[in-house]
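S.K.: Any chance you can model this:
(2 chains)
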Amino acid sequence: MGSERNSDGQTRKINWFYVLNAALLGLLALTILYPFYNAVLISLVSQKEYMTTPFMLWPTEITFDAYAYIFSSSRIYHGYTNTLLILTLGVPYNMLATAFTAYALSRERFPGKKIATALVVFTMYFSGGLIPLYLLVRDLGIMNSLASVILVYGANTFYLLLMRSYFAEIPSALEESAKIDGANDLVILLRIMLPLSMPIVATVTLFFSVDRWNEWFNAMLFLREGDKWPLQLVLRSIVMSTIDDIGSRNVSIRKTVFEDGVKMAAVFITMAPIMFTYPFLQKYFLKGMLVGSVKS
Amino acid sequence: MRERAGDLALKRPGRTRLRDIRKNKYIYLILLPGLLYYGIFCYAPMYGIQLAFKDFRASEGIWGSPFVGLKHYAYIFKDQEFWQAFRNTIEISFSRLLFQFPVPIVLALLLNELREGRYKKWLQTLFTFPNFLSWVIVSGMIVNVFGTEGAVNHLLTLFGGNEQMFLANQELFRPLLYLSDIWKSSGWVAIIYLATIASISPDLYEASYMDGANRFQRMLYITWPGIRSAVVLMLLLSVGNTMNAGFDQIFNMYNPAVLPVSDILDTYIYRVTFQTSGDFGFSTAVGLFKSLINFALLVLFDRLAKAVGERGIF
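M.R.: Next up is the predicted model:
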């Protein structure tokens, strides 16, 4: 193996390094994979089987009891509904506050540009803190309603800066000609800039969607009633609780259910949408990261 | 720009400014959603910071509550639990720098040495995926793998070791924090470095081939200088976050048994506010203390970065 020749006619002494490197990275990949595999397996086996072989590689008997148990309680449905609501109302709001501001701040001719940018960037490093925000939400009268969770996370300054540097690269000649045709800034933004910036718009929309899917902290602060909770908060209470709190109405299942199985079933249900769409969306995430890091 | 400079030469600056504003009036309309958001949810709460120097009374509101000067701070600095959280915050942050920060760099260098192809693509997808899961999900899985009946303990006993309570053991909890964060986020950060490596000119590598440089010399003399400023920038961002030692992760993983080694300022503030005293003035004071130190550190390290010839943040 030591002295094969590659196309450049150079001796390849690198072969062993390559093999070792590929093997090492493969091993790392397995350590990433195993916790997922483990979680799915636990959700699918009985308590008896788990107790005898915790380091399972292959289950002997599959049961869907844990999933049946989870779905017999209304909490997961509430969680899904609330999260979908937060997503469908929240992401457009996120984009409105972020993309629009990014566009305005990217225009050389916008008079307040410097001050506005400084004011936006300042919020990355300094904030009022937890309690002033809590009091504000209370004073606005949106405590214990989904509106609080949706409104409190509006613009994201980091994504905003990514978008701003992308918009800044688009030749201003395009705008000028649209201006001559009588288009105003709003028309230019919606009809020209955003369609031309699809890579970054798609990426940031995806980032926001993931953020919204993962939302739990604000919900924990602002929402008292369990049926208003988003999915992640429901999951959190399931993972942290003992079985009696999970609140299934079906008493006969409750007796026989396997606690860790139920928890892992809840974990799986919560991450499944990301898990199944991620391989297809990954290239957009990467593209977004690339345009961001190369340009700024 | 050129057009504007011409305007300035012809007219008085004040009128130009006014004309600029009128000409760009739609920009203000576009700015409105962002203006409302930043105004209401970022700047308006800053008004509440005064609570750090007041005794909050719900009936009198933020403005009406009585002024107490530095009373909260006098109390904070006497509180053992505060000092513990303060120490933990700094220790955990710097340990993260030491143990976690280099991992994505090494990972990027190794990934970069793989040939382009399905294997590399597959690995990248897998490595970046955990970053997009919440700590609620990840900690749920960790508890399973590292729990008393989990896979790791099973392996330990299989090889003649003793069972460990990883999540309740004060000595093992912190390594578990670092390891699980490495597991979750290294792949994603590595992508940022990989992108930087990809932008290094291939000519440099070819020239070094000609000069007979080996793999490690190329890494040392071409790849490393190529990613150096990206590394410094990432380092700067991490240092600027010293006082945020990872609330989401710790809040979802800790328990009373490991409180002495895992309680950070953020978890302390949360507990003090919503689980124990509910003294809003006191918690705001702790929060302000935290923000100020963070901001000072950021400015300090930004200066340092510039002093050694890097770009910095500001």
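S.K.: can you map out the strands along chain A?
M.R.: A:4-5, A:11-12 (DSSP state E).
S.K.: Pick out the shakiest of those, pLDDT-wise.
M.R.: Per-segment mean pLDDT for these reaches its minimum on strand A:4-5, at a mean of 45.
S.K.: can you give me phi and psi for B:Phe67?
M.R.: Reported as degrees, to the nearest 10, the phi and psi values for B:Phe67 are phi -70, psi 130.
S.K.: neighbours around it, how many?
M.R.: B:Phe67 has 9 neighbours, counted by other CB atoms under 10 Å in any protein chain shown. All C-beta spots, glycine's among them, are computed from the backbone N, C-alpha and C.
S.K.: A:Tyr67 now?
M.R.: Counted with other CB under 10 Å, A:Tyr67 comes out at 18.
S.K.: Next: the one 4 residues further on.
M.R.: The burial count assigned to A:Phe71 is 16, neighbours taken as other CB under 10 Å.
S.K.: Check the gap between it and A:Phe64 for me.
M.R.: Per CB to CB, to the nearest Å, A:Phe71 is found 10 Å from A:Phe64.
S.K.: ditto for A:Tyr18
M.R.: 44 Å.
S.K.: Same check on A:Tyr125?
M.R.: 49 Å.
S.K.: Please identify which helix or strand holds the residue in the stretch 151-300 of chain B that chain A sits nearest to.
M.R.: Here the stretch 151-300 of chain B gets closest to chain A at one residue, B:Gly287, 3.3 Å apart by CB to the nearest CB. Assigned by DSSP states H and E, B:Gly287 belongs to helix B:280-307.
S.K.: Pull out the buried residues from that helix.
M.R.: Within helix B:280-307, the residues scored as buried using 16 or more other CB atoms under 10 Å in any protein chain shown are B:280-291, B:293-294, B:297-298, B:301-302, B:305.
S.K.: ok, how many other residues are close to the residue nearest to A:Ala202 when sequence neighbours are not counted?
M.R.: Leaving aside its chain neighbours, A:Ala202 sits nearest to A:Tyr284 (5.2 Å; criterion: CB to CB, 6 or more residues apart in numbering or on different chains). Using other CB under 10 Å, A:Tyr284 has 18 other residues around it.
S.K.: quick one: contacts for A:Tyr284?
M.R.: With CB atoms under 8 Å, 6 or more residues apart in numbering or on different chains as the criterion, the residues that contact A:Tyr284 are A:Pro199, A:Ala202, A:Thr203, A:Leu206.
S.K.: By neighbour count, which of those residues wins?
M.R.: A:Thr203 leads those on contacts (other CB under 10 Å) with 25 neighbours.
S.K.: just checking, it touches A:Phe285?
M.R.: Yes: if you go by CB atoms under 8 Å, A:Thr203 and A:Phe285 touch, sitting 6.4 Å apart.
S.K.: Nearest residue to B:Leu114 in space, please, no chain neighbours.
M.R.: B:Leu114's closest residue in space is B:Lys120 (CB to CB, 6+ apart), at 4.5 Å.
S.K.: Wasn't the one you found part of a helix?
M.R.: Yes: with DSSP: H, G, I helix; E, B strand; the rest coil as the criterion, B:Lys120 is located in a helix.
S.K.: What's the local residue count around it?
M.R.: B:Lys120: 16 neighbours (other CB under 10 Å).
S.K.: Excluding covalently adjacent residues, which one is nearest to A:Ile200?
M.R.: Nearest to A:Ile200 is A:Tyr166, by CB to CB, 6+ apart, at 4.3 Å.
S.K.: no no, B:Glu81
M.R.: Nearest to B:Glu81 is B:Tyr268, by CB to CB, 6+ apart, at 6.7 Å.
S.K.: same thing with A:Pro279?
M.R.: B:Thr125 (5.6 Å).
S.K.: Count the residues that sit near B:Trp63.
M.R.: Using other CB under 10 Å: B:Trp63 sits among 9 other residues.
S.K.: quick one: contacts for residue 273?
M.R.: Reading this off chain A. Counting by CB under 8 Å, 6+ apart, A:Pro273 has contacts A:Trp213.
S.K.: hmm, I had chain B in mind actually
M.R.: A:Leu130, A:Ile131, A:Tyr134, B:Asp279, B:Phe280, B:Ser283.
S.K.: pLDDT value on the residue nearest to A:Ser197 when sequence neighbours are not counted, please?
M.R.: Distances taken as CB to CB, 6+ apart put A:Tyr166 closest to A:Ser197, at 5.7 Å, once the chain neighbours are dropped. Looking at A:Tyr166, its pLDDT is 89.
S.K.: Count the neighbours of A:Tyr166 for me.
M.R.: Neighbours of A:Tyr166 under the rule other CB under 10 Å: 25.
S.K.: Same question for B:Lys71.
M.R.: Neighbours of B:Lys71 under the rule other CB under 10 Å: 15.
S.K.: The residue nearest to A:Ser197 and A:Ala202 touch, don't they?
M.R.: No: counting by CB under 8 Å, A:Ala202 is not a contact partner of A:Tyr166; they are 11.5 Å apart.
S.K.: circling back: quick check, pLDDT for the residue nearest to B:Leu114.
M.R.: 93.
S.K.: so which helix or strand takes in the nearest residue to B:Ala108 once chain neighbours are set aside?
M.R.: Distances taken as CB to CB, 6+ apart place B:Tyr193 nearest to B:Ala108, at 3.6 Å, with adjacent residues excluded. Counting by DSSP H and E, the element that carries B:Tyr193 is helix B:173-198.
S.K.: Please enumerate the helices of the stretch 51-200 of chain A.
M.R.: A:65-72, A:75-106, A:113-125, A:130-139, A:146-152, A:157-169, A:172-180, A:185-187, A:194-196, A:198-213 (DSSP state H, counting those that start in this stretch).
S.K.: and residue 258, what does it touch?
M.R.: Picking chain A for this. A:Val45, A:Ser46, A:Gln47, A:Tyr50, A:Asp65, A:Ala66.
S.K.: wrong one, chain B
M.R.: Each residue near B:Val258 by CB under 8 Å, 6+ apart is listed here: B:Leu167, B:Ala168, B:Asn169, B:Gln170, B:Phe173.
S.K.: Now for those residues: which two are most distant?
M.R.: The distance between the two most remote of those (CB to CB) is 10.7 Å, for B:Leu167 and B:Gln170.
S.K.: Which neighbours do these two have in common?
M.R.: B:Ala257, B:Val258.
S.K.: Those two: which has the busier surroundings?
M.R.: Set side by side, B:Leu167 and B:Gln170 show more neighbours around B:Leu167, with 20 against 12, by other CB under 10 Å.
S.K.: That one and B:Ile250 touch, don't they?
M.R.: No: with contact defined as CB under 8 Å, B:Leu167 does not reach B:Ile250; the gap is 11.9 Å.
S.K.: average pLDDT across stretch A:120-136?
M.R.: In the prediction, stretch A:120-136 has an average pLDDT of 91.
S.K.: What residues sit buried inside that stretch?
M.R.: By neighbour count with 16+ other CB under 10 Å, stretch A:120-136 contains the buried residues A:120, A:122-136.
S.K.: and chain B, which of those contact it?
M.R.: For chain B, the contacts drawn from these by CB under 8 Å from any CB of the partner chain are A:120, A:123, A:125-136.
S.K.: Go through the residues you listed and say which is closest to A:Tyr77.
M.R.: A:Tyr134 (28.6 Å).
S.K.: Just want to check the distance between the closest one and B:Phe41.
M.R.: From A:Tyr134 to B:Phe41 the distance is 12 Å (CB to CB).
S.K.: Quick check: closest non-adjacent residue to residue 50.
M.R.: Answering for chain A, as no chain was given. Nearest non-adjacent residue to A:Tyr50 (CB to CB, 6+ apart): A:Ile42, at 6.2 Å.
S.K.: try again with chain B
M.R.: Among residues not flanking B:Gln50 along the chain, B:Ile62 sits closest, at 6.7 Å (CB to CB, 6+ apart).
S.K.: Tell me who's in contact with that neighbour.
M.R.: A:Pro132, A:Leu135, B:Tyr47, B:Gly48, B:Gln50, B:Leu51, B:Lys54, B:Phe56.
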